[in-house]
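> Quick one, what's the 3D model for this:
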Amino acid sequence: MRHGRSSVDWPSCPWDVTVDDYTVEMGTSRFVEQGWLEPSIAWVKQVTSKPVVSVGRFTSPELMRRMVRDGVIDLIGAARPSIADPFLPAKIRDGREDEIRECIGCNICYTGDQTGTPIRCTQNPTIGEEYRKGWHPERIAPKVSAASVLVVGGGPAGLEAATWLGKRGYDVVLTEATRQLGGRVARESSLPGLAEWRRVVDYRTEQIAKLANVECYLESQVDEVQIRELGADHVCLATGARWRRDGVGRALDEPIEGWELPGVLTPDDILDGASVGGDVVVFDDDHYYMASVIAEKLARDGAGVTYVTPANEVATWTHRTDEQFRIQSRLMRLGVGIETGKTVGGFDGDDVWLECEYTAREVAVAARTLVLVTARQPSDTLWNSLSDRRGVTRIGDCIAPGTIATATYAGHRYARELEGDTEMVFVREHPKVGRTGPG
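The predicted model follows:
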């Protein structure tokens, strides 16, 4: 209903169609597929002559075209995809679809609303910095010298740094110790529901492939001697991080008794293909997605899984990505046992001892395997071995383990600030007015 008069041509205004479940409308790729809204809105065009616009996790140009071509909707609503790539429409129009930073549906952008922090995007590190720091999503200043750069580590931070250093015109050598580029992203994207996260790797490797001044070397573990022999003017260490094996994390500041036993695993072991069967306890002191994804994988593989966390619910931090309810629901439907408000007190190879956070009472859970998802430690062996660190900079997880978004941000910042002004200066929306004299 509308009241009064308006100059708006109401018959031509479109219907903006959505659903009443925000966890679906704003759903992550782990739970909501691309184009999920099509069955719900396909009938709308049949009952109105007005144009119809809708969201629905539209990330691929092919899906967008089909939805319009088939008459399902007239206009595409793409908020998160536009955060990942503000120039998405122009790139589709110009036939530059291989340059699109496609949204991975992780909802890191949404966490800023929940935490009162600046918006971030896993795919687009410039988001939120266009005004404050003058970072343009597509443009970057050219190199200021003929210096060469060695990037050690081909994970999200190293790939981002190499991509934009190459676009600036620097000669770049990127070395990766394993057989594939992508680091943690390449590994984690094999877990249930995280396949679309692979786009973080695919976009950057596609861009690097176009840059003749960027060379990549796989299965190349370098040491200080090799670094000095290469003779690069700048060295960027992006060697990542590994999950702790001893259980130390937020809740526990001392190693768990029995952590040295062979039945104790980390997410890295699972990602490396460790065989797990029988009864398993997954201890989540990380509170983000990893423990729940590991528990889901093991349950689907046939293991009897008990999920343990000091928090009062599963994956409690994922309220900020609007998926906590769906995560806990899925684990319960898979038959995963859930023990909240408990820490792991010890493991003897046959039982895991749980301790209540509130009463300190202990209970034993039968399990031959304990997966500890607690905290990550920087992979900084190379950094610590360097006798001469002149011209060497650490970035990303190997200095401060964080989200994939913080890793790509670190890589982008290094590339943009190399041989420039690295002082952290922001343009303020409301500049402070200086005072003179006392008071």
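> And Val47, how far from Ile41?
According to Cβ to Cβ, to the nearest Å, Val47 and Ile41 sit 11 Å apart. In this view, the C-beta of every residue, glycine as well, is placed from N, C-alpha and C.
> typo on my end, Cys398
46 Å.
> Those two: which is more packed in?
When neighbours are counted by other Cβ atoms under 10 Å, Cys398 comes out ahead of the other of Cys398 and Ile41, with 26 against 19.
> which other residues reach the helix or strand bottoming out on mean pLDDT in the chain?
Counting by mean pLDDT, DSSP states H and E, the chain has its least confident helix or strand at helix 22-25, which shows a mean of 76. Residues from elsewhere that reach helix 22-25 (Cβ atoms under 8 Å, 6 or more residues apart in numbering): Thr18, Val19, Phe31, Val32, Trp36, Val55, Asp322, Glu323, Phe325, Arg326.
> can you give me the strands in the stretch 251-400 of the chain?
Here the stretch 251-400 of the chain has its strands, by DSSP state E, counting those that start in this stretch, at 264-265, 279-284, 304-309, 337-340, 342-347, 351-356, 362-366, 369-373, 376-378, 392-394.
> Single out the most deeply packed of those.
Among the strands of the stretch 251-400 of the chain, the stretch with the highest mean neighbour count (mean count of other Cβ atoms under 10 Å) is strand 369-373, at a mean of 28.
> how far away is the nearest residue to Thr306 once chain neighbours are set aside from Phe325?
In space, and not counting its chain neighbours, Thr306 is closest to Gly337: 4.1 Å by Cβ to Cβ, 6 or more residues apart in numbering. Counting by Cβ to Cβ, the separation of Gly337 from Phe325 is 18 Å.
> same thing with Pro401?
27 Å.
> Closest one of the contacts of helix 22-25 to Leu382?
Using Cβ to Cβ, Glu323 comes nearest to Leu382 of the contacts of helix 22-25, at 35.7 Å.
> where does the stretch 201-350 of the chain have low pLDDT?
In the predicted model, the stretch 201-350 of the chain carries no residue with pLDDT under 70.
> so where do the helices sit in it?
Along the stretch 201-350 of the chain, counting by DSSP state H, counting those that start in this stretch, helices occupy 224-230, 267-271, 290-300, 324-333.
> between these, which gets nearest to Asp351?
Nearest to Asp351, of all the helices of the stretch 201-350 of the chain, is helix 290-300, at 18.0 Å by Cβ to Cβ.
> related to what we said a few turns ago, looking at Pro401 and Phe325 now, which is surrounded by more residues?
A direct count of neighbours by other Cβ under 10 Å for Pro401 and Phe325 places Pro401 higher, at 20 against 15.
> Correct me if wrong: Glu196 contacts Val32.
No: contact criterion Cβ atoms under 8 Å: Glu196 and Val32 do not qualify, at 10.6 Å.
> Overlap in contacts, the two.
When contacts are counted by Cβ under 8 Å, 6+ apart, Glu196 and Val32 are jointly contacted by Gly105.
> Can you give the distance of the least confident helix or strand of the chain from its chain's centre?
Its chain's C-alpha centre and that of helix 22-25 lie 20 Å apart, by Cα atoms, centre = their mean, to the nearest Å.
> Restrict that helix to CA atoms and write it as CSV.
C-alpha atoms of helix 22-25 as CSV (Å, rounded to 0.1, in the frame of the first residue of the first chain):
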residue,chain,number,x,y,z
TYR,A,22,17.8,-14.5,6.1
THR,A,23,20.1,-17.5,6.6
VAL,A,24,19.0,-18.6,3.1
GLU,A,25,18.9,-15.1,1.5
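> So what sits opposite the closest residue to Val264 other than its chain neighbours in the bridge?
Leaving aside its chain neighbours, Val264 sits nearest to Leu370 (5.1 Å; criterion: Cβ to Cβ, 6+ apart). Applying DSSP bridges to Leu370 yields these beta-bridge partners: Val264, Val281.
> Isn't Leu370 up against Val281?
Yes: with contact defined as Cβ under 8 Å, Leu370 reaches Val281; the gap is 5.1 Å.
> Count the residues that sit near Pro86.
Count around Pro86 with other Cβ under 10 Å applied: 17.
> Count the residues that sit near the closest residue to it other than its chain neighbours.
Among residues not flanking Pro86 along the chain, Pro137 sits closest, at 5.4 Å (Cβ to Cβ, 6+ apart). Pro137: 17 surrounding residues under other Cβ under 10 Å.
> Need the pLDDT of Pro137.
Per-residue pLDDT puts Pro137 at 96.
> now do Arg5
For Arg5, the model assigns a pLDDT of 44.
> who touches Gln180 in this structure?
Neighbour list for Gln180: Ala186, Leu218 [criterion: Cβ under 8 Å, 6+ apart].
> can you give me phi and psi for it?
Taking degrees, to the nearest 10, you get phi -140, psi 150 for the backbone angles of Gln180.
> OK, contacts around the closest residue in space to Ser385 that isn't next to it in sequence?
With Cβ to Cβ, 6+ apart as the criterion, Ser385 has its nearest non-adjacent residue at 6.0 Å, and that residue is Glu224. Neighbouring residues of Glu224 by Cβ under 8 Å, 6+ apart: Leu382, Ser385, Leu386, Ser387, Asp388.
> Now rank these by neighbours and give me the top one.
Neighbour counts for the contacts of Glu224 (other Cβ under 10 Å) peak at Leu382, which has 21 neighbours.
> Surely it touches Asp223?
Yes: judged on Cβ under 8 Å, Leu382 makes contact with Asp223 at a distance of 7.1 Å.
> Mind pulling up the pLDDT for Arg428?
For Arg428, pLDDT reads 74.
> Next one: it relative to Arg132, how far apart?
Taking Cβ to Cβ as the measure, Arg428 falls 8 Å from Arg132.
> okay, the two: which has more neighbours?
Counted by other Cβ under 10 Å, Arg428 and Arg132 do not tie: Arg132 has more neighbours, with 13 against 9.
> tell me the SS of the residue nearest to the more buried one when sequence neighbours are not counted?
Counting by Cβ to Cβ, 6+ apart, Arg132 lies nearest to Phe426, which is 4.6 Å off, once chain neighbours are set aside. Reduced to three states with DSSP: H, G, I helix; E, B strand; the rest coil, the structure at Phe426 is coil.
> please begin residue numbering at 27 from this point
Yes, from this point I'll number from 27; that puts the last item at Phe452.
> Figure out which of the helices of the stretch 227-376 of the chain is closest to Trp190.
helix 250-256 (20.5 Å).
> Which of the residues in the closest one are classified as buried?
By 16 or more other Cβ atoms under 10 Å, the buried positions in helix 250-256 come out as Ile253.
> and it, how far from the chain's centre?
With Cα atoms, centre = their mean as the basis, helix 250-256 stands 32 Å off its chain's centre.
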